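*Asks:* Everything below, folded, please.
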Amino acid sequence: MDLNLPSTVCFRVTRYCNARCGFCLAPPDGAHPPAAMLKRRLDWLEGQGVKIIHFCGGEPTIHPALPELLAHVHERGGGSRLTTNGIAMTEPLLQALRAAGTRVKVSLHGDRAHHNAMVGREAFDLATEHLRALISAGIPTSVQTTVVAGGEWVLDWMADFCVSEKVRKLSILPFIPRGSGYRNKGEYGLAPEERTRLHKQVLRKRRALLGRLDVRWLDFTARPVHVVEADGRVVLERASESMDTLLFTIPEDTLQRKRIAIRTTANYHA
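*Replies:* Purely as a prediction, here's the structure:
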């Protein structure tokens, strides 16, 4: 079948996480598929014309098969992206990211106290340490920052931080009431005037730092995103779960039978 998928999709390798962000778009729900199943889904996406896999979660770096999955995509001629909270970053994963030419986006939400409060644990030092390790390894790395109510000051702090750390791109995400964020929208939700003001501030910062830092406004509510969920559903995500569209569910049993049939036929002809 042809779902007319875009060239890039968000691919959730797990819904487990090592943080508890109060604004999380995809909070832990217990879905943590094995490597073989994830590879079959990647092959299915390749068959649908998808060229770039954006590995996400949950927290994708805690899945032990992530280096293997990156290599799988690369070996088949595909490109890869990774969004991570930066808490877990092993040397084998760094090597796999470098070998696959993966572009990495690290989520960092402000100074130590603010970031740790946002993600629900002591994580700032690990995230910044691993951000520097990624840059030192020559891996294209940017920063993604979620801004919540009362957090407009974060834009200036993050821009200064990125310039000092030689990060070339900063994406600013206004808070979206999805997942955990829906439960916390009373605390985190941006009033319309706050959202408008923040957007204007981002545009001014972008002009001011042109050539030094690429500051971007990244609003997921403005454009639907194609996502492969950890349970195999292909979803077009919009501003809220109630507006999402289920496009397809990848038939794991059918994929497995197809592979068995191919092997059986090959053995027969041999």
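*Asks:* Quick one: residues contacting Arg212.
*Replies:* Arg212 is in contact with Val163, counting by C-beta atoms under 8 Å, 6 or more residues apart in numbering. The C-beta positions use only the backbone N, C-alpha and C, and glycine is treated the same way.
*Asks:* neighbours of Cys21, just the number please.
*Replies:* Using other C-beta atoms under 10 Å, Cys21 is surrounded by 22 other residues.
*Asks:* Show the backbone phi and psi for it.
*Replies:* Dihedral angles phi and psi of Cys21 (degrees, to the nearest 10) take the values phi -70, psi 130.
*Asks:* So Leu170: helix, strand or coil?
*Replies:* On the three-state scheme (DSSP: H, G, I helix; E, B strand; the rest coil), Leu170 is labelled strand.
*Asks:* what's around it, how many residues?
*Replies:* Neighbourhood size, Leu170 [other C-beta under 10 Å]: 25.
*Asks:* Any idea what it is bridged to?
*Replies:* Note on Leu170: beta-bridge partners by DSSP bridges are Val143, Val215.
*Asks:* repeat for Arg103
*Replies:* Going by DSSP bridges, Arg103 is paired in beta bridges with Arg81.
*Asks:* In contact with it: list those residues for me.
*Replies:* Contacts for Arg103 (C-beta under 8 Å, 6+ apart) come out as Ser80, Arg81, Leu82, Ile139, Pro140, Thr141, Ser142.
*Asks:* now swap in Ser7 and tell me
*Replies:* Residues in contact with Ser7 (C-beta under 8 Å, 6+ apart) are Gly49, Val50, Lys51, Ile52.
*Asks:* I figured the second one hits Asn4, correct?
*Replies:* It stands for Val50. No. Checked against C-beta atoms under 8 Å, the pair Val50 and Asn4 is beyond contact range at 11.0 Å.
*Asks:* When the two are compared, which one has more neighbours?
*Replies:* Using other C-beta under 10 Å, the more surrounded residue of Val50 and Asn4 is Val50, with 23 against 9.
*Asks:* Just the local confidence number for the nearest residue to Arg112 once chain neighbours are set aside, please.
*Replies:* Nearest in space to Arg112, with sequence neighbours left out and distances taken as C-beta to C-beta, 6 or more residues apart in numbering, is Phe124 at 4.2 Å. Looking at Phe124, its pLDDT stands at 98.
*Asks:* next one: the one 3 residues further on
*Replies:* As predicted, Ala127 sits at a pLDDT of 98.
*Asks:* where do the helices sit along the stretch 1-150 of the chain?
*Replies:* In the stretch 1-150 of the chain, the segments counted as helices under DSSP state H, counting those that start in this stretch are 35-47, 66-75, 91-100, 112-119, 124-136.
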